[in-house]
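Participant: need a 3D model of the following:
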Amino acid sequence: MTPTTPPSSEGSSPQKVCHSETQTDITKPLLDSPGGTGSAGAGGGLAGAEGPSALRRRRRVLSKDGRSNVRIEHISGLGALYLRDLWTTFLDMQWRYKFFLFAATFAGTWFAFGVLWYLVALVHGDLLEFDPPSNHTPCVMEVKTLTGAFLFSLESQTTIGYGFRCITEECPGAIVLLIFQLVITMVMEIFITGTFLAKVARPKKRGETVKFSQYAVVSNHEGRPCLMIRVANMRKSLLLGCQVTGKLLQTSLTKEGETVRLDQRNVPFQVDTSTDSPFLIIPLTFYHTIDENSPLRAWAAKGGGWTDPDVADFELLVIMSATVEPTSATCQVRTSYLPDEILWGYEFPPVVSLSPSGKYVADFAFFDKVAETKTPLVFKQALPPSPPSRASRHHGGKDAGADPEKVRLEENYRGEEKGRGRGRVRGSSPHSVRISNV
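Facilitator: Numbers count the residues shown, from 1 in each chain. Model (predicted):
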């Protein structure tokens, strides 16, 4: 989504406003309706050529495999921010760049310190062009050229030690340089090796073995309409403390008249009637009950679908967090569903069966399959409570359905208020009290 050119201030009504999260044309929905001509300008021709379905797939915040589609622009000092956090920068680096940087780091340090050793030999007069005498003691034995200095730097840093290139006691500065090279290069090797191990051991690859269903379905469950998704663990090692949550991204209008693009609403999921950590040893179906508290109630009230841009302008993000059992690392898996990927009136067929040998089998050939429900799905909105009638207010007080004990206490209090004018409360009981600060 790219911001459009601000309209002229002479128009009758503003066409663009500054939102809390984004700034864009308020007349353009997140998901174009079918038959629309697409956006204007450079993207209009592309949208019209690809159709609304392709435009809808392109306009998603999160891809199906959990990758972010948000592009960050116009950040001042972005390079300095990446250099301040080198560890995360190296971890996020792609493998081809990491291997290139790994090789370039070693070759660069070998050559850089080789040049320093060559300068040491140059200052001390150890090079061939100086024609040193036979009784001359060099700083480093057999370092008479730049190639020899490079080889000595490589042998010292990798601790190869062929035996005929070695440092002598003649130059204290050469000894200091050797110590400095070994300390600096050892720190660099530890850092680069640590980033390699950390990148390999990241739970991101473990998250790729967690599978979400391609589509979400809406059908009746326990007599209530529910949004359902399937989640499966495709490895035998368990995931501990699984928690599945949802975020609904849609355009909303605040009470102050501010349009908020990509407003986030919580969409809770549960397994059966429990929200505790499920045992994800077999593919499980997670439910979200669509009731009056659900952010999907307006969409469900119109029978679902994605043809109405007023209610189908949203994206459902599903996030599962768990702990990997072998490494105790936290793993997060994400996916998203657009309105045309939520099937109204469908359900998931069973995927777990019992083999003749008595073992449970999870057949993933049926994991993404859906079947149409036999009973029609109808979402009924609850009617607002009717105001109490005049007769009930006259007979039963202000609240007809109030607690009887509360009503009795209120009547006693009113009787005490009447007796306050006389300075004393009299009742049928022999006890009477003086009302002071009550």
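Participant: would you agree residue 165 is in contact with residue 143?
Facilitator: Yes: counting by C-beta atoms under 8 Å, residue 165 does reach residue 143; the two are 6.5 Å apart. For every residue, glycine as well, the C-beta is placed using N, CA and C.
Participant: who has more neighbours, these two?
Facilitator: Set side by side, residue 165 and residue 143 show more neighbours around residue 143, with 27 against 20, by other C-beta atoms under 10 Å.
Participant: which non-adjacent residue is nearest residue 141?
Facilitator: residue 166 (5.3 Å; C-beta to C-beta, 6 or more residues apart in numbering).
Participant: if I look at the one you found, how far off is residue 347?
Facilitator: Distance from residue 166 to residue 347, counting by C-beta to C-beta, to the nearest Å: 78 Å.
Participant: who has more neighbours, the two?
Facilitator: When residue 166 and residue 347 are compared for neighbours, residue 347 comes out ahead with 19 against 14, by other C-beta under 10 Å.
Participant: what are the bridge partners for the more buried one, then?
Facilitator: On the basis of DSSP bridges, residue 347 is bridged to residue 371.
Participant: that one is in contact with residue 374, isn't it?
Facilitator: No: if you go by C-beta under 8 Å, residue 347 and residue 374 don't touch, sitting 9.2 Å apart.
Participant: quick one: the strands in the stretch 1-150 of the chain, in order.
Facilitator: For the stretch 1-150 of the chain, the strands defined by DSSP state E, counting those that start in this stretch occupy 16-18, 23-25.
Participant: pull the helix or strand with minimum mean pLDDT from the protein.
Facilitator: strand 16-18 (a mean of 39; mean pLDDT, DSSP states H and E).
Participant: one step back: identify the contacts common to residue 165 and residue 143.
Facilitator: Residues touching both residue 165 and residue 143 by C-beta atoms under 8 Å, 6 or more residues apart in numbering: residue 152.
Participant: which one's the longest strand in this protein?
Facilitator: The residue-count maximum for a strand in the chain (DSSP state E) belongs to strand 239-253.
Participant: list the buried residues of that one.
Facilitator: Neighbour-count burial for strand 239-253, with 16 or more other C-beta atoms under 10 Å as criterion, is recorded at 239, 242, 244, 246, 247, 248, 249, 250, 251, 252.
Participant: and that strand, what other elements does it pack with?
Facilitator: Using 3 or more C-beta pairs under 8 Å, 6 or more residues apart in numbering; DSSP states H and E, the elements in contact with strand 239-253 are strand 259-268, strand 314-324.
Participant: now the shortest one, how far from the chain's geometric center?
Facilitator: The reference is to strand 259-268. From the chain centre to the centre of strand 259-268 is a distance of 14 Å (C-alpha atoms, centre = their mean, to the nearest Å).
Participant: and the angle from whatever helix or strand comes next after it to strand 239-253?
Facilitator: Remark: after strand 259-268, the chain's next helix or strand is strand 284-289, criterion DSSP states H and E. Put simply, strand 284-289 runs at 30 degrees to strand 239-253, going by axes from the mean of the first three to the mean of the last three C-alpha atoms, to 10 degrees.
Participant: show residues contacting the next helix-or-strand element following strand 284-289.
Facilitator: As assigned by DSSP H and E, the chain's next helix or strand after strand 284-289 is helix 297-301. The contact list for helix 297-301, computed with C-beta under 8 Å, 6+ apart, reads 218, 225, 290, 291, 294, 311, 312, 314, 339, 379, 381.
Participant: closest to residue 150 among the residues you listed?
Facilitator: Relative to residue 150, the closest of those is residue 314; by C-beta to C-beta it sits at 62.1 Å.
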